[in-house]
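missing the sequence, but the structure's below:
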């Protein structure tokens, strides 16, 4: 249910896609006093579809026999995005794209400013008794799994704002606009057309990959359990467990050394790898095209004030990795365990040796 204006926009987006990809039938629009209801085919009640992508991933986590089914679904999603680029792709100013997921979130005064810039969030460093604010954290250097990074959220937001200026031109295509696990049914059928229309190829790739990597298997079920339970049919307990294994705070040199692992369940790891491979053709071999969109997905979905210090630090590390020009897709989306600790490594806030 939506305002009449929003419903008309959604119906137009659905109509632009209905001849190109598998979508539910739109049976009609029901006018209410102050709202308009779009009545779609129930693809689960009539047997056209059985599960959602998130459910298939969860089953593949538990049973290797489900992995071919998951591979077919992910391949179909990527094929639809590639076909959209070939058939409807053109370079347009970002202002001509659906604004909700990107322009609305990066504009001055929007949620990123409210969440990160208008307040100085505190972060309790795991494995220590130290709490730093985000502004203080920006003054530290950090090494994560052997890679030097800088965690300056304000600078990142400024850079993203420049990269996603309304007049910047991007390759944009006609798509569903929100390719996430609750919006893709199996057998392949796209659901939810709130953001349907002309969307950037890079934004679609960033959305899908970050949902597979972090939101679907970790952040949404942990911090929005009601949303997770409501939007999936099975809502099985997730098996992904990103962890900070080790952290040493060197106070005198203002440096933090972290070793973390992104322990992703078998089905989800396979989905990430399959999607990454399927999208390479449209986005090249690096992160350059999707970097700004990826930062917006990392920062702009779960309010940071709700995250534990442990989880917020993991999110900020992935943010910093996404903006590092030396980061490749394979290193960013890796789901392998953390490297082995060095001899004598300690998890404490002991100052660095003089």
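Done, it's in. It should be emphasised that the depicted structure is a prediction, and the values quoted were computed from it without experimental measurement.

and the longest helix along the chain, what's buried?
Identified as the longest helix of the chain according to DSSP state H is helix 67-88. Neighbour counts using 16 or more other Cβ atoms under 10 Å place 67, 69-71, 73-74, 76-78, 80-82, 84-85 of helix 67-88 among the buried residues. Any C-beta I mention is one placed from the backbone N, CA and C, and that applies to glycine too.

how about a markdown table for the residues you listed, with pLDDT and distance to residue 167 added?
Shown next, in a markdown table, are the buried residues of helix 67-88 (pLDDT from 0 to 100; distance: Cβ to Cβ, whole Å):
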| residue | pLDDT | distance to residue 167 |
| --- | --- | --- |
| 67 | 97 | 44 |
| 69 | 98 | 43 |
| 70 | 98 | 40 |
| 71 | 98 | 40 |
| 73 | 98 | 37 |
| 74 | 98 | 34 |
| 76 | 98 | 35 |
| 77 | 98 | 30 |
| 78 | 97 | 30 |
| 80 | 97 | 29 |
| 81 | 96 | 25 |
| 82 | 95 | 27 |
| 84 | 97 | 23 |
| 85 | 95 | 22 |
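
any idea which residue is closest to the centre of the protein?
The centroid of the chain falls nearest to residue 210 when counting by Cα atoms, centre = their mean (2.8 Å).

what helices or strands is the longest helix of the chain leaning on?
When contacts are defined as 3 or more Cβ pairs under 8 Å, 6 or more residues apart in numbering; DSSP states H and E, helix 67-88 sits against helix 53-62, strand 169-175, strand 184-186, helix 201-210, helix 266-283.

run the chain-centre distance for it.
18 Å (Cα atoms, centre = their mean, to the nearest Å).

quick thing: my sequence starts at 256, can you match it?
Got it, first residue is 256 now, which makes that one helix 322-343.

contact partners of it?
Helix 322-343 has contacts (Cβ atoms under 8 Å, 6 or more residues apart in numbering) with 275-276, 308, 311-312, 315, 426, 428-430, 434, 439, 441-443, 445, 453, 456, 459-460, 463, 521-522, 525-526, 529-530, 533-534, 536-537.

measure how that helix sits relative to helix 521-538, angle-wise.
Note on geometry: by axes from the mean of the first three to the mean of the last three Cα atoms, to 10 degrees, helix 322-343 and helix 521-538 are set 20 degrees apart in direction.

which residues sit in contact with the nearest residue to residue 350 once chain neighbours are set aside?
Sequence neighbours aside, residue 421 is the residue nearest to residue 350 in space, at 3.8 Å (criterion: Cβ to Cβ, 6 or more residues apart in numbering). Going by Cβ under 8 Å, 6+ apart, residue 421 touches 348, 349, 350, 358.

possible to save the residues you listed as a markdown table with distance to residue 287?
Formatted as a markdown table, those follow (distance: Cβ to Cβ, whole Å):
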| residue | distance to residue 287 |
| --- | --- |
| 348 | 35 |
| 349 | 34 |
| 350 | 32 |
| 358 | 29 |
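
residue 402: which of these is nearest?
Nearest to residue 402 out of those is residue 349 (Cβ to Cβ; 30.4 Å).

and for the closest one, the neighbour number?
20 (other Cβ atoms under 10 Å).

make sure it is actually in contact with residue 418.
No: Residue 349 is beyond contact range of residue 418, at 9.5 Å (criterion: Cβ atoms under 8 Å).

picking up where we left off before, give the contact list for the residue nearest to the centre of the chain.
Contact analysis of residue 465 by Cβ under 8 Å, 6+ apart lists 549, 552, 553.
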